[in-house]
Structure formats: structure tokens, C-alpha cells
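# Sequence first, then the predicted structure:
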Amino acid sequence: MPEFITINKQRIGLGEQKIVNLNIARLPTYTSIDLPVLVYRAPKDGPVLLLTGGLHGDEVNGVEIVRRMIEREIVIPEKGTVIAIPIVNIYGFIQNSRGLPDGKDINRSFPGAKGGSLAKLLAHTLMKEIIPEVDCGIDFHTGGAARANYPQIRCSFKIKRAKELATAMGAPVMMHSSLISKSFRSAAHKKGKEILVYETGESLRYDETGIEEGIEGTQRLMKYLGMITSAPEPNKTKVFNNSTWIRTKNAGLFITKAELGEEFNKRQVLGSIKDPYGELNSRVVAPHDGMVIGLNNCPVVNKGDALIHFAYNK
């Protein structure tokens, strides 16, 4: 790590703390939108860890994880540097929406372009100003609308360094997840920087257990990196190399018997699809042994809708 970190032409030296505002663009009202980047540098040299939340604007659990770490001063390392961005997608956060005003998903817009769409411009800013300064990071996410995730860390098991970092976090579940084209994680990997993805809860809802698990996992990773000297004890992590969704073959009302974190056996009944008129009663049956890591909480479903996300090994 160099003596100075430079973000948006501002130099931050060892032992300094600073907020750097990255100007992204203006709203149609001419209101300027800035992206606040909080930098915490220890007096001692060491790794640079990036913490990001709110890449999707409605994923509040990630925002809350980073916010609580700032409030509790967990982000202040004994050695090295933490760069914290509580809300990456300011636009979506303001509107309680996943994407941006241009309808694009930032996490499918990397590495971005200076003259591209708003999503590509934001992605380009992160890749230009932030990624060159970091060694690794955690990108905190939340499930989609009415879809809740069990606390889990995702990485590609084919990337040795990423798997080592994920193991150090000691989350309840560690899952293999291949790199996705044009994602933040994929773009950072191409620059030699490994970003882990932590998921918990559903959008626009706090998941207290998952929030605290994310905070404790970050502390364990910081200890592993030598940035702090103590951290909470790890979970007995369950490791899976595959995952898939069970989808409904019928439209109707989804009555679930499954719970997040529940382990089940092949052919176990996990729920049923019923119609409002008392005629349909279709069972939802497990195709493999596995564990529930995601659950659709919306009772009304259409044919083909995702019901239960489960992890398994083969």
C-alpha cells in the first residue's frame, strides 16, 4: 500500500480519515448527485479493503451493514485501509428502486464507459477511481422484491484467492457462484482484485440476523487480512457448489412449508400451489437433497415463477 491513496485527485495519507465526494451527474432539476466515499487509514501500512452497499438501490440490508460498521467504528482498522461506500446507487436508493433512471442494472454495466448510459458512467467511475486503490472487497446485497435470502457469501471456487477470502468470513453458507459477465465482481477480477458478494434478506426490509452476520463476517475477514487483532468466532459454515430455483408448474397461491436455512431431503414436500377456488392442490417437491437459501414470500404466483432457491452438492 502506498503512502498516499488518491481518489478524485484527493490524497489521503496514513492515519487520515476523509470523505471524498465523486460527482456523477445532475438530475433534470440541475440537482447535483455526488457519491460519498469514506476512507479510513490506519497509521500502519496494510491491505486496502473495499466495502460497498446499495449497488441496487432497494437493497437496504447492504446499506445498513456498512452504516452500522461506520457508526460502531468497525471500519477503522489498526493496520491498512478501509474504503466504505454505503450507497453506490444513489439514484435507486432515493426512489426505492433496484436500477437507475435509465432502466439499467449497474451490476450488468461494468466496466462501464465515460460516455455511456448513467449506469455505465457510474460503473466507470468505480473502476477508475476506486478499484485501482483496493486489494479486495465485499459487495453487500439483498434479495429481490418479496424474495428473501439466507445469509450467504458467494464467490467462484475456481479462484483460489476468492475462496480463501470467503472462507475467512465464516458466513453461515458459502456458495460457489461463477463470475457473471459485466458484473462488478467480474470486472474487478480482471483487474486482479477479488470482490466477494454477501447476500441476506429481501429488498426494502431489514434482516436483523443477516445484518449482524455481515458485520461479524467483515470483522473476521479484516482479522484474516491482519487489519485488526480480534474478531467474533466463525460459524460452522455449510459449503455448497451448486444452487438452483424450484419453479412452479401452476399459477395460484403458494403455501410454503419451507424456511430459510432449512435442510431437506429429496422428494420432501416443501409446499403447495392452490387456487382461490379450492380445486387445485399441487405439491412442491424437492428434486435433490439441499438447503433453502432463498424463498419467494409472495403468495400469488404465475406458472414458471421461482419459489424456492436451494443449494446442494453434487
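The structure has been received and is ready for your questions.

# Quick check: buried residues in the lengthiest helix in the chain?
Criterion DSSP state H: the longest helix present in the chain is helix 208-224. Counting neighbours by 16 or more other C-beta atoms under 10 Å, one finds that the buried residues in helix 208-224 are 210-211, 213-224. Just so you know, the C-beta spots here come from the backbone N, C-alpha and C atoms, and that holds for glycine as well.

# and the residue located most distally from the centre of the chain, what element?
Of all residues in the chain, E279 has its C-alpha farthest from the mean position, at 40.8 Å, by C-alpha atoms, centre = their mean. In the assignment (DSSP states H and E), E279 maps to no helix and no strand.

# and it, how far is that from A251?
Counting by C-beta to C-beta, to the nearest Å, the separation of E279 from A251 is 13 Å.

# ok, then the element right after the helix or strand harbouring L253?
Element membership of L253, judged by DSSP H and E, is strand 252-256. As assigned by DSSP H and E, the chain's next helix or strand after strand 252-256 is strand 263-264.

# What pairs with the helix or strand that that following strand is followed by, parallel or antiparallel?
Counting by DSSP H and E, the next helix or strand C-terminal to strand 263-264 is strand 269-274. Taking DSSP bridges as the criterion, strand 269-274 forms sheet pairs with strand 252-256 (antiparallel), strand 281-285 (antiparallel).

# Deepest-packed of those, please.
When the strands paired with strand 269-274 are scored by mean count of other C-beta atoms under 10 Å, the highest mean neighbour count falls to strand 252-256 (a mean of 17).

# what about that strand, average pLDDT?
Strand 252-256 carries an average pLDDT of 97.

# Please renumber the chain so that the first residue is 713 from this point on.
Renumbered: residue one is now 713, and that last one reads strand 964-968.

# contacting residues around that strand?
With contact meaning C-beta atoms under 8 Å, 6 or more residues apart in numbering, strand 964-968 is reached by 960, 982-988, 992, 994, 996, 1007-1008, 1010-1013, 1019-1020.

# swap in stretch 865-874?
Contact with stretch 865-874 is made by 848, 875, 877-878, 881, 883, 885-891, 901, 906, 908-911, 929, 953, as judged by C-beta under 8 Å, 6+ apart.

# Do a quick rundown of the helices in the protein.
772-783, 802-807, 830-837, 872-881, 896-902, 920-936.

# roughly how far out does the longest one sit from the chain middle?
Okay, so that is helix 920-936. Here the centre of helix 920-936 is set off from its chain's centre by 13 Å, with C-alpha atoms, centre = their mean, to the nearest Å.

# now it and helix 872-881, what's the angle there?
Helix 920-936 runs at 120 degrees relative to helix 872-881, counting by axes from the mean of the first three to the mean of the last three C-alpha atoms, to 10 degrees.

# Show me what helix 920-936 is packed up against.
On a contact count with 3 or more C-beta pairs under 8 Å, 6 or more residues apart in numbering; DSSP states H and E, helix 920-936 meets strand 760-765, helix 772-783, strand 848-855, strand 859-867, helix 872-881, strand 906-914.

# Out of the buried residues of helix 920-936, the closest to R780 would be?
I927 (6.0 Å; C-beta to C-beta).

# doesn't V787 make contact with the closest one?
No - using C-beta atoms under 8 Å, I927 is not in contact with V787, being 10.3 Å away.

# can you pull the buried residues of stretch 955-973?
Per 16+ other C-beta under 10 Å, stretch 955-973 contains these buried residues: 955, 958, 960, 962, 964, 966, 968, 970, 972-973.
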